[in-house]
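Q: Provided below for reference: sequence and predicted model.
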Amino acid sequence: MGKKSGLIGIFLVLFLVGSVFAGDVAYVYKSSIKVDDNILGVFSGLGMKVDLISGSNLPKDFSSYRLVFVGDESFSKTIPVYEGNYVIMNHYECYDFGLTNRNGVSVMSSRIPLEVTHNGNSVNVYNDVKDIYGNYLSYYFLGIDNKVSSAETNAFTYSTSSGNSGDVVSFIEKGEKLSNGKTADGNICFFGIYKTDYWTEDSKELFKDCINYAYDSSSSVSNQTNETNTTVPPVVNPSSGGGGGGASFDAGSGACFTDWSCSAWNECKNGKQTRICNYPSTACPPSQTKPAEEQSCIETPQTNNPIENNANNNVGNGTTPSPNGLSLITGAVIGAFSRRWLWIWAIAFLIIIVAVYFYVVAKRKKK
């Protein structure tokens, strides 16, 4: 009996030790260089222990964590966001997560400091307009026509005349249906203000609200103290960038919208054609997915017949070769020329018939 009690005691101690050292938050990442120190700082400032979990080595489930944070990377393995409490700062996977339809997440940037509408007030989310590389800062949002119907707005894009708007911060409550057919087993918060180096204090508070919502449906972390007495790392405030252009601009709201510009397709070689798609470096990033820069094609073989080669060279330049090697444009000219002579001969024939008729009539009158 004493040995059994001893074994039970050992297992109990091991269980308690495991519980003590288990993290509060699982931070899922793909590349270690993408782990965001500012995010870790906020968790630490709330007294929350964080375990870094590689996306290539996911646990069987995340039930031992009270919250899972998903960063802005594309993951090869499916993350079961419907199985627990999640904070999602990711624009790659939201269709698979069940937060949007196939149109996915949208992005917005501006030539003036970006704002959101929160509790009826306009809130600046970044302390600058451009990053240190001169690119316009942007945030993600769940478009009103694209988000799952169960998503509730917490912070909304400011109004634009373009009509592009949606949830920059969005809440999905436990028990609600997701667009992938799953039912959320915990609270989910989508947070689109992803440029953490440029966060304002208001942005940090919005992020804490997001954590507080998702962390536990029955308890709050907003009033927890930091047991390790770790302060939140300061948000970087880079110097302001200069002016720029190359994007359409909504003067009423300051929103900036850019389209991709693509070159013509190159000559077909080895069954492939390529082109280059980009946008001006001084413009805000396009909201659309980058167009394809490579496609399959069928090469037209060259022959020793100059007429056939000429016909082959016409393929892709707006003309269509005919079976005899002449373009259909040339054939149309020849056809038009032939039809004109046909009418001339018909009119001449009628004139001859009329002349013969009058000649015969005149001869009869003489008799």
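A: Sure thing, it's come through. No experiment lies behind these values; they were computed from the predicted model shown. Residues are numbered from 1 along each chain as shown.

Q: from here on, just use CA atoms for contacts and neighbour counts.
A: OK.

Q: okay, and for the stretch 1-150 of the chain, where does confidence drop off?
A: 1-22 (pLDDT under 70).

Q: so where do the strands sit in it?
A: Along the stretch 1-150 of the chain, counting by DSSP state E, counting those that start in this stretch, strands occupy 25-29, 50-54, 67-70, 86-88, 106-110, 115-118, 121-124, 138-143.

Q: nearest to residue 200, out of those strands?
A: Ranking those by proximity to residue 200 (Cα to Cα) places strand 121-124 first, at 7.0 Å.

Q: pretty sure residue 206 is in a strand, no?
A: No - assessed with DSSP: H, G, I helix; E, B strand; the rest coil, residue 206 is helix; it does not lie in a strand.

Q: hey, where'd the helices end up in this structure?
A: 2-21, 37-45, 94-97, 201-215, 306-313, 328-366 (DSSP state H).

Q: circling back to that earlier point, output the strands of the stretch 1-150 of the chain in a markdown table, with distance to residue 274 appended to each entry.
A: A markdown table is the format used below for the strands of the stretch 1-150 of the chain (distance: least, Cα to Cα, whole Å):
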| stretch | distance to residue 274 |
| --- | --- |
| strand 25-29 | 33 |
| strand 50-54 | 35 |
| strand 67-70 | 35 |
| strand 86-88 | 35 |
| strand 106-110 | 27 |
| strand 115-118 | 39 |
| strand 121-124 | 41 |
| strand 138-143 | 29 |
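
Q: columns mean neighbour count and distance to residue 288 on top of those strands, output as TSV?
A: TSV is the format used below for the strands of the stretch 1-150 of the chain (neighbours: other Cα atoms under 10 Å; distance: least, Cα to Cα, whole Å):
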stretch	mean neighbour count	distance to residue 288
strand 25-29	23	25
strand 50-54	17	29
strand 67-70	25	23
strand 86-88	26	21
strand 106-110	23	8
strand 115-118	20	21
strand 121-124	16	24
strand 138-143	26	12
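
Q: among these, which comes closest to residue 276?
A: strand 106-110 (22.2 Å).

Q: if I look at the residue nearest to residue 93 when sequence neighbours are not counted, how far off is residue 94?
A: Counting by Cα to Cα, 6 or more residues apart in numbering, residue 74 is the residue found nearest to residue 93 once chain neighbours are left out, at 6.7 Å. According to Cα to Cα, to the nearest Å, residue 74 and residue 94 sit 10 Å apart.

Q: more neighbours: which of the two?
A: Legend: neighbour count by other Cα atoms under 10 Å for residue 74 and residue 94, higher for residue 94 (22 against 14).

Q: wait, that one sits on residue 105?
A: Yes - look at residue 94 against residue 105 with Cα atoms under 8 Å: they come within range, at 6.9 Å.

Q: who touches both of those two?
A: Here residue 94 and residue 105 have no joint contacts, going by Cα atoms under 8 Å, 6 or more residues apart in numbering.

Q: list the contacts for the nearest residue to residue 97 once chain neighbours are set aside?
A: Leaving aside its sequence neighbours, residue 97 sits nearest to residue 81 (Cα to Cα, 6+ apart; 6.2 Å). Shown in contact with residue 81 (Cα under 8 Å, 6+ apart): 97, 184, 188.

Q: could you rerun that using 10 Å?
A: 62, 68-70, 87-88, 94, 96-99, 182-188 (Cα atoms under 10 Å, 6 or more residues apart in numbering).

Q: for residue 140, same thing?
A: Applying Cα under 10 Å, 6+ apart, the residues near residue 140 are 89-91, 105-109, 157, 166-169, 190-195, 287.
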